[in-house]
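Asks: Below: sequence and its predicted model.
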Amino acid sequence: MTSYDAIVVGGGPAGSATAILLAERGWSVLLLDKAAFPRPKICGEYLSPESARILDRLGVLKGVDAVAQPVVGMRIVAPDGRRLEGRYPARGPWPGYRGHGLAISREVLDRLLFDRARVLPLDARDRHRVTDLRRADGAVVGVGYEDAEGHPREAAARLVVGADGRASVVARALGLVRPHRLRRMALIQHVTGLAGLGDLGEIYVDPPDYAILNPVAPGLVNLGLVVPHAHARAFRGRLETFFGARLKQLRHLAPRLDGLRAAGPLRAMGPLAYRVDEPTVDGVVLVGDAGGFYDPFTGEGLYTALRSAELLAEVAHAALRAGRCTAAALRPYARARRDAFRGKTRLTRALQMLIARRRAANLAARLLAARPALLATVMGVLGDFVPPGALLRGNLLRVPAGG
């Protein structure tokens, strides 16, 4: 049985980034993913401006830039039809790594990251499905997996990283996954025939639903619709019918969809949100969606995955160097992750409360329309380069002269 310093289960953005960062520090790494790359993935397919810094660090930004579509902000349409144009702030005390986000298909992004891992001194294998964890004396010491031909294999490691998404074998083997009270479903399809997006995404809020248009390639748009899970569940087996009818019910979006043509299959995922407890056994840690997911509304969860990988790599490096990958030695990662995302999590939860209530959503739109500086700051926070505390500055609540 081959032994490694770390085994990373899952080759998506969080897993590939973790493997790359650990390998660059000199650790032996096995990266396993059950899929064959490139492969499609349900996602909003959007990277916030600050994601570019991490992609640059990982050595893939040039490749991403060659195919991604720049997104400078979002056009937001409230239930009453009020339109806001929120752009990422170009000036201020917190300059971003870039002034724009990036829209890119997950099929392309994940392949670029996994291919980057393949050229580094680490063992990266797709079409290898992890089936279970290996344990000894109460600690996780490796994994069992099937190779590309379906043969059972096993590998040992001082640290196993679960980066295998919402259906995480690692998290579920440890009994850590719990339901979340926010129960929504996402329906996502690539479409063509929508003109006029340019370098802006579009968000249509119409409680209890909202929809996002995201230009992922020239002429190609990621169309996402988020609805209460219970509403879609009744149409199991007829989701295409439900999707088309529900889009027509968003009265400010429906006229926008004239000429729309499907350019790929309809994909569904739900419930979107779920909780995952922190591992309490030695030798294992979770990163990315394997550690839980909360609907971010604006679709920039990829930054969370990449930044979590950065935070984990620092803690895992220290634990491996000390020769102690215990739960206690890995606990600083959980604290660092909470500290990094606490403020933005509060903002996204507040947004979720607003978009669930028609009157509240309209009032929020009027407030933001009257305070452009506040809208710009909100965009900077959502873009991951303005600290959430900036929203508490008193001058942001002043209405401009003549406003």
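Replies: Happy to help now that I have it.
Asks: In the chain, spot the strand with the most residues.
Replies: strand 152-162 (DSSP state E).
Asks: Could you list the buried residues of it?
Replies: A155, A156, A157, R158, L159, V160, V161, G162 (16 or more other CB atoms under 10 Å). C-beta here means a position set from N, CA and C on the backbone, and glycine is covered the same way.
Asks: Please tell me how far the helix or strand harbouring L109 is from the chain's geometric centre.
Replies: In the assignment (DSSP states H and E), L109 maps to helix 106-118. Centroid displacement of helix 106-118 relative to its chain, using CA atoms, centre = their mean, to the nearest Å, is 15 Å.
Asks: mean confidence for it?
Replies: Confidence for helix 106-118, expressed as mean pLDDT, is 97.
Asks: same question, stretch 338-356
Replies: Looking at stretch 338-356 alone, the average pLDDT works out to 87.
Asks: Where does the prediction get shaky in the chain?
Replies: Counting by pLDDT under 70, the low-confidence segments of the chain come to 295-300, 394-403.
Asks: any idea which helix is longest in it?
Replies: Using DSSP state H to define each element, the chain has its longest helix at helix 327-355.
Asks: For the following helix or strand past it, which residues meet the burial criterion?
Replies: Taking DSSP H and E as the definition, the helix or strand that follows helix 327-355 towards the C-terminus is helix 358-370. For helix 358-370, burial by neighbour count (16+ other CB under 10 Å) applies to R358, A361, N362, A364, A365, L368, A369.
Asks: do the same with stretch 55-70
Replies: For stretch 55-70, a neighbour-count test (16+ other CB under 10 Å) marks L55, L58, V60, L61, G63, V64, A68, Q69 as buried.
Asks: doesn't I104 make contact with the last one?
Replies: Just to be clear, that refers to Q69. Yes - using CB atoms under 8 Å, Q69 makes contact with I104 at a distance of 7.2 Å.
Asks: Please identify every residue contacting each of those two.
Replies: Residues within reach of Q69 and of I104 at once, by CB atoms under 8 Å, 6 or more residues apart in numbering, are V216.
Asks: Could you confirm G86 falls within a strand?
Replies: Yes - note on G86: a strand contains this position according to DSSP: H, G, I helix; E, B strand; the rest coil.
Asks: Okay, and the beta partners of it?
Replies: When bridges are taken as DSSP bridges, the partners of G86 come out as M74.
Asks: Quick check: it touching G73?
Replies: Yes - counting by CB under 8 Å, G86 does reach G73; the two are 5.0 Å apart.
Asks: Overlap of the contact sets of the two?
Replies: By CB under 8 Å, 6+ apart, G86 and G73 have these common neighbours: M379.
Asks: Secondary structure element holding S3?
Replies: Per DSSP H and E, the secondary structure element for S3 is strand 2-9.
Asks: tell me which strands and helices that strand is in contact with?
Replies: Here strand 2-9 touches helix 13-24, strand 29-32, strand 139-146, strand 152-162, helix 301-322, going by 3 or more CB pairs under 8 Å, 6 or more residues apart in numbering; DSSP states H and E.
Asks: still on that earlier bit, which pair in the buried residues of strand 152-162 spans the largest distance?
Replies: Of all pairs drawn from the buried residues of strand 152-162, the widest gap by CB to CB lies between A156 and G162 and measures 16.1 Å.
Asks: gap between the two ends of stretch 112-124?
Replies: End-to-end distance of stretch 112-124 (CA to CA, to the nearest Å): 13 Å.
Asks: Return the distance of it from the chain's centre.
Replies: Relative to its chain's centre, stretch 112-124 lies at 21 Å (CA atoms, centre = their mean).
Asks: From A17, how far off is the closest residue to S308 other than its chain neighbours?
Replies: Nearest residue to S308, sequence neighbours excluded (CB to CB, 6 or more residues apart in numbering): V287, at 5.1 Å. Counting by CB to CB, to the nearest Å, the separation of V287 from A17 is 9 Å.
Asks: now swap in G201 and tell me
Replies: The value you get for G201 to A17, if CB to CB is used, is 24 Å.
Asks: neighbour count winner among these two?
Replies: A17 (30 against 26; other CB atoms under 10 Å).
Asks: I'd say that one and V60 touch.
Replies: No - when contacts are counted by CB under 8 Å, A17 is not listed as touching V60 (9.3 Å).
Asks: Mutual contacts of those two, please.
Replies: Overlap between the neighbourhoods of A17 and V60 consists of L113, taking contacts as CB under 8 Å, 6+ apart.
Asks: Would you mind measuring from G44 to L330?
Replies: Taking CB to CB as the criterion, G44 is separated from L330 by 30 Å.
Asks: How about D282?
Replies: Taking CB to CB as the measure, D282 and L330 are separated by 8 Å.
Asks: Show me what S3 is bridged to.
Replies: The residues listed as beta-bridge partners of S3 by DSSP bridges are A156.
Asks: got a markdown table for the buried residues of strand 152-162, with distance to A171 too?
Replies: Output for the buried residues of strand 152-162, formatted as a markdown table (distance: CB to CB, whole Å):
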| residue | distance to A171 |
| --- | --- |
| A155 | 19 |
| A156 | 20 |
| A157 | 17 |
| R158 | 19 |
| L159 | 15 |
| V160 | 11 |
| V161 | 11 |
| G162 | 6 |
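Asks: nearest to G144, of these?
Replies: The shortest distance between G144 and any of those, using CB to CB, involves A155 and amounts to 8.5 Å.
Asks: ok, the closest one to H128 distance?
Replies: With distances defined as CB to CB, the gap from A155 to H128 amounts to 10 Å.
Asks: Y97 too?
Replies: 34 Å.
Asks: can you check T241 too?
Replies: Separation of T241 from H128 (CB to CB): 38 Å.
Asks: ok, back up a step: want to try CSV for the buried residues of helix 358-370, with distance to D277 as columns?
Replies: As requested, the buried residues of helix 358-370 are exported to CSV (distance: CB to CB, whole Å):
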residue, distance to D277
R358, 35
A361, 33
N362, 38
A364, 33
A365, 37
L368, 36
A369, 41
